[in-house]
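Trainee: Next come a sequence and a model predicted from it.
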Amino acid sequence: MSDTTNGSDSKKSGLNQDDLDALVASSDTGGRNPTGPAGMLILAVALAWSLFQLWISSPIPFMVGFGVFNDTEARSFHLAFALFLAFAAYPSQRTPVQLVLGLGVPILLTFLFWTASGPNVPGWWIPLVGLAVVAAILAGSPRDHVAPWEWALGIVGAATSLYIFFAYEGIANRVGAPITQDLVVGVAGLLILLEATRRALGPALMIVATVFLAYTFLGPYMPGIISHSGKSLSVVMNHQWITTQGVFGIALGVSTSFVFLFVLFGSLLDKAGAGNYFIQVAFSLMGHMRGGPAKAAVVSSAMTGLISGSSIANVVTTGTFTIPLMKKVGFNAEKAGAVEVASSVNGQIMPPVMGAAAFLMVEYVGIPYFDVVKHAFLPAVISYIALVYIVHLEAMKAGMEGLPRPVEPKPWVAWLLSLAFTIACICALSFAVYYGMGWIRPTFGAASPWIVFAMLILAYLALLWIASKEEVPQLAADEPVTELPKPGPTVRSGLHFILPVVVLVWALMIDRLSPGLSAFWAASFMIFILVTQRPILAVMRGQGRLGAAVRHGFVDLLEGLVAGARNMIGIGIATATAGIIVGAVSQTGVGSALADVVEVLSGGNILAILFLTAILSLILGMGLPTTANYIVVSALLAPVIVTLGQQNGLIVPLIAVHLFVFYFGIMADVTPPVGLASFAAAAVSGGDPIRTGAVAFFYSLRTAALPFLFIFNTDLLLINVDWIHGIFVFITSTIAMLLFAAATQGWFLTRNRIYEGAALLLIAFTLFRPGFWMDMVAPPFDTVPPAQIQEAAMELAPGDDLRLSIDGVNGIGEPISFVALLPVGEGETGEDRLFNSGLELIENGDEVVIDNVTFGSPAAEAGFDWDQTITQVEVPANPPSKYWMFIPAVLLLALVVFLQRARGGAVRPRQAAV
């Protein structure tokens, strides 16, 4: 096989490194970088945005009593920065379709605003505002400089956002009664926001938001099931712009409070050199294995997910190194690109720093970020392990081998001893840190933070001293990789990059600080590292030129702060625009109407609605960024899934539904024909983007299967699972996912036959959900008549759940049926226990009716209400352990192994060309 280098691959694809950087910029940071005063102004505004976010996230304003902003005021500044930079950094697309959409939306909305203004609101100014926006779009958008009308749109857009800050007291004094000034600002703000959305994110999100906005006005003209009375201009503008129900709602609040600091942290970590370090570590540890570069791509993309919330940036950053090397060991262009896509896209689901949607879950589900990370941990790790295995299977099929090692491998006994010693050292260090912290705090009291900071600095200096002894050549995207870096020196050369991540994880998981404050401390330490690492390393290595090293450190810091702000433009715009959709849903009640539509389409079947939700996420994801996709689908369908689950007797935790939507929102970056990450990978590999996306989707089937599984088996999300059970679930689920991958890839020990693939799928399903089969053999609940509910309550221990089937009516008088769990309270009698759970009942013969539900009680939280009828009572039975079903699964697996071993072994590997 011929030698293929990074440089030659870039030429083959027609893209050099500058082209790839421009591809990322056009998607994530804005493709326009003017020189001169305009460029300096953009840099200054981006820098000011980062410094503002650091200020409001820090405890300093509260310590000095100056510069304290409430949530609404902070959101107005956040959106103002995003709007200004969107028009400065993103040139407008001039294709005919983009131009038609860009002009059609403001014209349509101007007409709707004008006709909805009503006789009490003078509307003569509305066409003028719309005409100004249309004229600015028609005037053009040069790519090498910012036109005057674009500066005007950016400044006016920022002013409409800052209006919430400067008119805050006046707005608070006239809640629900906007004046003409409010309406002018709201109309201009919405039109400019939608144009900024088209520039930064493409037309899809703009179109979806426009449809929902138009729906609020055109309710009387809609079909009966989704019709409503229609809203006036003043009501809509008050809801969407003046209050926190629309644009300035929860989504923008999360972007302001949490997401910016995490994106900034990642940008600073990347500028410090952590991105290249992660890639080199992955190559040094895994590059020599079968299909080694592909396995290194998976691992490096998982680590790069810590510092990049963008799947496209992840693809290009790691793909410039990994894709050419994958092709070198035998992967074709499409498979090499697909492996990179599948691994890079999943970076958003990898704790502890997940995509922006994970922070939205904190607000939407109402649980701490620690719990979100805990629930998302197992599926993410299992997904990456399965992708490594898929790569291994592809290498087995083609008989590939890895790249040559720089040194001879250790004997396996020595390797095991080295691994055991490393694990023991890590465990000892972890225990020392954990219990040391527990001793320091009570001993030193208020001075303990300074003690901890001093220990952190000492650890930082020690790790820098270790790094100073290593001279590891940096991988360059435009140079061939002829030899793998040595594992030991490579790992030691950047251990200090782990410290900020440790600070972040400690603050989130141990101290349980808010995500925003945790990210602030991690970013602050990262700033310290950026400024000091070069000078300290220069001193330790005796290199001299200390002044140049100091200047270089401050330049890195400046570039990191600016890059962090520019990376946030799209997210800030997306969350604000998604707020329009959420506001329209809450204002029109379309959510309940949609629930009826979905119930009809799905026939009330929970599995059918899950497939509908998955398909909707994939379709919307063709044009919407992951964050906006998650907001839209979760706002529309998450409550529907929970409700239909209850009606089907399945109690679905809300976090499981939101993670389901999140996973499929991410999948949309892969799915052809509009998977942007697949196009980016194809630009690097020189392959066909549609075929790359199709192969990547096939590789990502394991990610698509997981959401369905943890809806029905919440053990995967570590819900009500102790740590011993959690380890068991992790092991069995990982084995199940590997077997699922082997079945879908058509290869286990050798090529699968059809019946072997079906058997592997059956085994995987059984390992994932053994309760499905055991419930058929021994039902998990015993049914008792409703009249015996008190006796049933007495049979259970306090805290155990009664499973009750309920008939009643909803808030608008429509009949409903659902299943709910009632935790049994303390008490001497069954009646006392039910009363302490919040439930008072009336018995009329065999009929049991809920007479009262105590406010704030477990019964109220479970969804019970007065006048509902209990139709069935189920108490936990004592069935055999569901894990007995593993025995037939293991026997069937043994049969498959026997058949494949009898038929022949693995394909002989061939050495990679060098």
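Mentor: That came in fine, so what should we check first?

Trainee: the helices in the stretch 151-300 of the chain, which residues?
Mentor: Ranges of helices within the stretch 151-300 of the chain are 168-173, 180-201, 203-217, 233-237, 250-254, 260-271, 274-286, 292-304, based on DSSP state H, counting those that start in this stretch.

Trainee: out of those, which comes closest to residue 141?
Mentor: The closest of the helices of the stretch 151-300 of the chain to residue 141 is helix 180-201. By CB to CB, the value is 8.0 Å. C-beta: built from backbone N, CA, C; applies to glycine.

Trainee: With only the CA atoms kept, save the closest one in CSV.
Mentor: What follows is helix 180-201, C-alpha atoms only, in CSV (Å, rounded to 0.1, in the frame of the first residue of the first chain):
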residue,chain,number,x,y,z
THR,A,180,-45.5,51.6,22.3
GLN,A,181,-41.8,51.9,23.0
ASP,A,182,-41.7,48.3,24.2
LEU,A,183,-43.4,47.2,21.1
VAL,A,184,-41.0,49.0,18.8
VAL,A,185,-38.1,47.4,20.5
GLY,A,186,-39.7,44.0,20.5
VAL,A,187,-40.5,44.1,16.8
ALA,A,188,-37.1,45.3,15.8
GLY,A,189,-35.4,42.8,18.1
LEU,A,190,-37.3,39.8,16.8
LEU,A,191,-36.6,40.7,13.1
ILE,A,192,-32.9,41.3,13.7
LEU,A,193,-32.5,38.2,15.9
LEU,A,194,-34.0,36.0,13.1
GLU,A,195,-31.7,37.5,10.5
ALA,A,196,-28.7,36.9,12.8
THR,A,197,-29.9,33.3,13.2
ARG,A,198,-30.0,32.9,9.4
ARG,A,199,-26.4,34.2,9.2
ALA,A,200,-24.9,32.3,12.0
LEU,A,201,-26.9,29.0,11.9
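
Trainee: Contact partners for residue 851?
Mentor: Residues in contact with residue 851, defined by CB atoms under 8 Å, 6 or more residues apart in numbering, are 840, 841, 842, 866.

Trainee: Using neighbour counts, trim those residues to the buried set.
Mentor: Burial by neighbour count, judged by 16 or more other CB atoms under 10 Å, picks out residue 841 from the contacts of residue 851.

Trainee: and of the contacts of residue 851, the nearest to residue 594?
Mentor: Using CB to CB, the contacts of residue 851 come closest to residue 594 at residue 866, 27.6 Å.

Trainee: How about the secondary structure of that closest one?
Mentor: The three-state assignment at residue 866 reads coil, by DSSP: H, G, I helix; E, B strand; the rest coil.

Trainee: Would you confirm that it contacts residue 853?
Mentor: Yes - between residue 866 and residue 853 there is a contact under CB atoms under 8 Å: 5.9 Å.

Trainee: how about the helices of the stretch 151-300 of the chain, which one is nearest residue 558?
Mentor: Nearest of the helices of the stretch 151-300 of the chain (CB to CB): helix 260-271, 9.3 Å.

Trainee: Sticking with the closest residue to residue 504 other than its chain neighbours, tell me its helix or strand.
Mentor: Residue nearest to residue 504 in three dimensions, not counting chain neighbours: residue 522, with 3.7 Å by CB to CB, 6 or more residues apart in numbering. Assessed by DSSP states H and E, residue 522 sits inside helix 515-541.

Trainee: Quick check: next helix or strand after that helix?
Mentor: Immediately after helix 515-541, counting by DSSP H and E, sits helix 546-567.

Trainee: So which bits of the very next helix or strand once past that next one are buried?
Mentor: Heading C-terminal from helix 546-567, the first helix or strand you meet, by DSSP H and E, is helix 569-588. For helix 569-588, the neighbour count (16+ other CB under 10 Å) marks 569-585, 587-588 as buried.

Trainee: likewise stretch 688-695?
Mentor: 689, 690, 691, 692, 693, 694, 695.

Trainee: Next up, the contacts around the closest residue in space to residue 730 that isn't next to it in sequence.
Mentor: Of all residues not flanking residue 730 in the chain, residue 378 sits nearest, at 5.7 Å (CB to CB, 6+ apart). Residue 378 makes contact with 716, 717, 718, 726, 729, 730, 733 under the criterion CB under 8 Å, 6+ apart.

Trainee: I figured the fifth one hits residue 719, correct?
Mentor: No - if you go by CB under 8 Å, residue 729 and residue 719 don't touch, sitting 10.7 Å apart.

Trainee: List the buried residues for the host helix or strand of the residue nearest to residue 730?
Mentor: Using DSSP H and E, residue 378 maps to helix 369-398. By neighbour count on 16+ other CB under 10 Å, the buried set for helix 369-398 is 369-398.

Trainee: and what of stretch 634-649?
Mentor: 634-648.

Trainee: In contact with residue 358: list those residues for me.
Mentor: By CB under 8 Å, 6+ apart, the residues touching residue 358 are 348, 369, 372, 373, 376, 662.

Trainee: hmm, which two among these are most spread apart?
Mentor: Between all members of the contacts of residue 358, the farthest pair (by CB to CB) comes out as 348 and 369, at 14.9 Å.

Trainee: Give me the angle between the helix holding residue 378 and helix 292-304.
Mentor: Helix 369-398 and helix 292-304 meet at an angle of 170 degrees, taking axes from the mean of the first three to the mean of the last three CA atoms, to 10 degrees as the criterion.

Trainee: how much does helix 369-398 deviate in direction from helix 274-286?
Mentor: Using the same axes, to 10 degrees: helix 369-398 against helix 274-286 is 50 degrees.

Trainee: Next, the angle helix 515-541 makes with helix 369-398.
Mentor: Going by the same axes, to 10 degrees, helix 369-398 makes 60 degrees with helix 515-541.

Trainee: Spit out the contact partners of residue 708.
Mentor: 607, 610, 660.

Trainee: Put the buried members of the residues you listed into a ChimeraX selection.
Mentor: Under the burial definition 16+ other CB under 10 Å, those of these that qualify are selected in ChimeraX by:
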select :610,660
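
Trainee: With secondary structure, distance to residue 878 and pLDDT as extra columns, can I get the contacts of residue 708 in TSV?
Mentor: Output for the contacts of residue 708, formatted as TSV (DSSP: H, G, I helix; E, B strand; the rest coil; distance: CB to CB, whole Å; pLDDT from 0 to 100):
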residue	secondary structure	distance to residue 878	pLDDT
607	helix	29	83
610	helix	31	86
660	helix	31	90
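
Trainee: out of the contacts of residue 708, who's nearest residue 331?
Mentor: residue 660 (31.4 Å).

Trainee: pretty sure the closest one is touching residue 707, no?
Mentor: Yes - the pair residue 660 and residue 707 qualifies as a contact (CB under 8 Å) at a distance of 4.1 Å.

Trainee: What sits closest to residue 110 if chain neighbours are left out?
Mentor: Excluding its sequence neighbours, the residue lying closest to residue 110 (CB to CB, 6+ apart) is residue 130, at 2.9 Å.

Trainee: Next, residue 849: secondary structure please.
Mentor: The three-state label for residue 849, taken from three-state DSSP, comes out as strand.

Trainee: For it, which residues are in contact?
Mentor: With CB under 8 Å, 6+ apart, residue 849 has these contacts: 841, 842, 843, 867, 868, 869, 870.
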